[in-house]
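Asks: What follows is a protein structure lacking sequence information:
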């Protein structure tokens, strides 16, 4: 079946440094790629998304890049802050528009 | 400013018991979803609905039933709970297909 692989499973960075999380998808028909942030005890919250007709999208310190040929997309967080500590999930839409989710990345920001 | 509300927040069941999880959204969204989240795994879709009175199976539907009698509510039922159904259950809604999904804060369910 279709799947989304997400790496790394845990990422520890120094406050102020950049963090990059990568995902690979298998369904060539996927055209919508959201990223969610989940804090402890809460539901996932959308932080940024990208569609297949765009290669890059930025929102302040957060950016997402998409390489459709390689079926890769990545989340970039610059100037990391303590409040960025959370679990991040990538997802990709399937041909029936439902989302397939990565397994998550626990981001730890060290002071 | 409620968004998506899930009740209850926590529940402990014995094997074989039944229960219903309630999801309510106040954003007038057409689409609603039920997911389960297990340690080390992403969210897996159980069932979803594309509008009032409709339901469809997701990736892991076995052992669960759903109903969408009103547009704002989406119910998830466990007829005979099993330990394998111990999980955190999330409800979400979206305006349309391929649009951002808005999540509730989850129901933590333990089956003993």
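Replies: Sure, I can see it. This one's a predicted model, so the numbers in the text were calculated from it and none came from an experiment.

Asks: Can you classify the residue lying closest to residue B:28 once chain neighbours are set aside as helix, strand or coil?
Replies: Distance criterion CB to CB, 6 or more residues apart in numbering or on different chains; nearest residue to residue B:28, sequence neighbours excluded, is residue B:71 at 7.3 Å. Where you see a C-beta, it was placed from the backbone N, CA and C, and this is true even at glycine. Following DSSP: H, G, I helix; E, B strand; the rest coil, residue B:71 is assigned to coil.

Asks: Residue B:71 contacts residue B:51, doesn't it?
Replies: Yes: judged on CB atoms under 8 Å, residue B:71 makes contact with residue B:51 at a distance of 7.3 Å.

Asks: about what we covered before: look up how far residue A:110 lies from the residue nearest to residue B:28.
Replies: To residue A:110, residue B:71 is 46 Å away according to CB to CB, to the nearest Å.

Asks: Could you do residue B:97 as well?
Replies: Residue B:97 sits at a distance of 40 Å from residue A:110 (criterion: CB to CB).

Asks: where does stretch A:86-93 sit relative to the chain's centre, distance-wise?
Replies: Counting by CA atoms, centre = their mean, to the nearest Å, stretch A:86-93 is centred 5 Å from the centre of its parent chain.

Asks: Averaged pLDDT, it. What do you get?
Replies: The average of the pLDDT scores along stretch A:86-93 is 96.

Asks: and if you look at stretch A:42-53?
Replies: Stretch A:42-53 comes out at a mean pLDDT of 95.

Asks: hmm, who's touching it?
Replies: Defining contact as CB atoms under 8 Å, 6 or more residues apart in numbering or on different chains, one finds that stretch A:42-53 is touched by A:30-39, A:56-57, A:59, A:62-66, A:68, A:73, A:75, A:88-89, B:4, B:43, B:90, B:92, B:100-106.

Asks: circling back: now do the residue nearest to residue B:28: how many residues are near it, please.
Replies: If you count neighbours by other CB atoms under 10 Å in any protein chain shown, residue B:71 ends up with 16.

Asks: what's the pLDDT at it?
Replies: At residue B:71, the pLDDT value in this model is 97.

Asks: ok, now residue B:42?
Replies: 87.

Asks: and what of residue B:1?
Replies: 64.

Asks: who's in contact with residue 3?
Replies: Here I'm looking at chain A. By CB under 8 Å, 6+ apart, residue A:3 lies in contact with A:25, A:26, A:100.

Asks: actually chain B
Replies: B:25, B:26, B:27, B:102, B:104.

Asks: Relative to chain A, which of these is nearest.
Replies: Nearest to chain A, judged by CB to the nearest CB, of the contacts of residue B:3 is residue B:104 at 5.3 Å.

Asks: Count the residues that sit near residue B:96.
Replies: 10.

Asks: Hmm, it is touching residue B:27, no?
Replies: No: Residue B:96 lies out of contact with residue B:27 (CB under 8 Å); the separation is 12.0 Å.

Asks: Just list whatever residues bridge to the residue most central in space within chain B.
Replies: By CA atoms, centre = their mean, the mean C-alpha position of chain B lies nearest to residue B:34, the distance being 3.0 Å. In this entry, residue B:34 is beta-bridged to residue B:47, residue B:91, by DSSP bridges.
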